[in-house]
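*Asks:* Prediction below, plus the sequence it came from.
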Amino acid sequence: MTKIGLFFGTQTGNTETLAETIQRVFGGDNVVTLHDAADTEAAELEGYEYLIIGCPTWNIGELQADWQGLYDELDNIDFSNKKVAYFGPGDQIGYADNFQDAMGILEEKISELGGTTVGYWSTDGYEFNESKAVRDGKFVGLALDEDNQSELTDKRINTWVAQLKREFGV
């Protein structure tokens, strides 16, 4: 089994594409195993010491449907001794009042269940009003905006994955 499990939810395929890019930058499927939240039991998260969680913010500050379905089941997982990184696509202009909220909702719950958050990301270079994903002036994970800043996505992913490799110790 690989060391890192990447669990993503997607409505339009955008988050899946980003997950595949992150997997490739990490070194492929021998390093990172992808799991679509639509086809995942929460217990599968237990099989990894290192987790990456990908979730877009849907509607107005809500979890994507597949993560909403898994949300309550997360209470049954022991996240202690797990390092968890988060990423999410969002639209900072169209949804400036809840940019990346889903990432923050999941991070808050998993942290309460013992997970150690890694992969914090600077808010510099983004324009938004509010976000549940900001803690101590940083995003709890990689904020991506394919609608308004797609030209920055590859650079952001490459920088973030290099950071995660150090923080995961892989």
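*Replies:* Perfect, thanks for sending it.
*Asks:* Which residues in the lengthiest helix in the chain does the neighbour count mark as buried?
*Replies:* Counting by DSSP state H, the longest helix found in the chain is helix 153-168. Along helix 153-168, these residues count as buried under the neighbour rule (16 or more other C-beta atoms under 10 Å): 153, 156-157, 160-161, 163-164, 167-168. Glycine gets a C-beta too; all of them are placed from N, C-alpha and C.
*Asks:* Leaving out sequence neighbours, find the closest residue to residue 81.
*Replies:* residue 49 (7.0 Å; C-beta to C-beta, 6 or more residues apart in numbering).
*Asks:* got a list of what the one you found touches?
*Replies:* 3, 81-83 (C-beta atoms under 8 Å, 6 or more residues apart in numbering).
*Asks:* Specify which member of the buried residues of helix 153-168 is nearest to residue 23.
*Replies:* residue 161 (9.5 Å; C-beta to C-beta).
*Asks:* which other helices and strands contact the host helix or strand of residue 33?
*Replies:* Residue 33 is part of strand 32-36, with elements assigned from DSSP states H and E. Applying 3 or more C-beta pairs under 8 Å, 6 or more residues apart in numbering; DSSP states H and E, one finds that strand 32-36 contacts strand 4-8, helix 14-26.
*Asks:* about what we covered before: alpha carbons only: can I get the longest helix of the chain in PDB?
*Replies:* This file holds the C-alpha atoms of helix 153-168, laid out as PDB (Å, rounded to 0.1, in the frame of the first residue of the first chain):
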ATOM      1  CA  THR A 153      -2.500  26.400 -10.300                       C
ATOM      2  CA  ASP A 154       0.500  24.400 -11.500                       C
ATOM      3  CA  LYS A 155       3.000  26.600  -9.700                       C
ATOM      4  CA  ARG A 156       0.900  26.400  -6.500                       C
ATOM      5  CA  ILE A 157       0.600  22.700  -6.700                       C
ATOM      6  CA  ASN A 158       4.300  22.200  -7.300                       C
ATOM      7  CA  THR A 159       5.200  24.400  -4.300                       C
ATOM      8  CA  TRP A 160       2.600  22.800  -2.000                       C
ATOM      9  CA  VAL A 161       3.600  19.300  -2.800                       C
ATOM     10  CA  ALA A 162       7.300  20.100  -2.100                       C
ATOM     11  CA  GLN A 163       6.100  21.500   1.200                       C
ATOM     12  CA  LEU A 164       4.100  18.400   2.000                       C
ATOM     13  CA  LYS A 165       6.900  16.100   1.200                       C
ATOM     14  CA  ARG A 166       8.900  17.800   3.900                       C
ATOM     15  CA  GLU A 167       6.000  17.900   6.300                       C
ATOM     16  CA  PHE A 168       5.000  14.200   5.700                       C
END
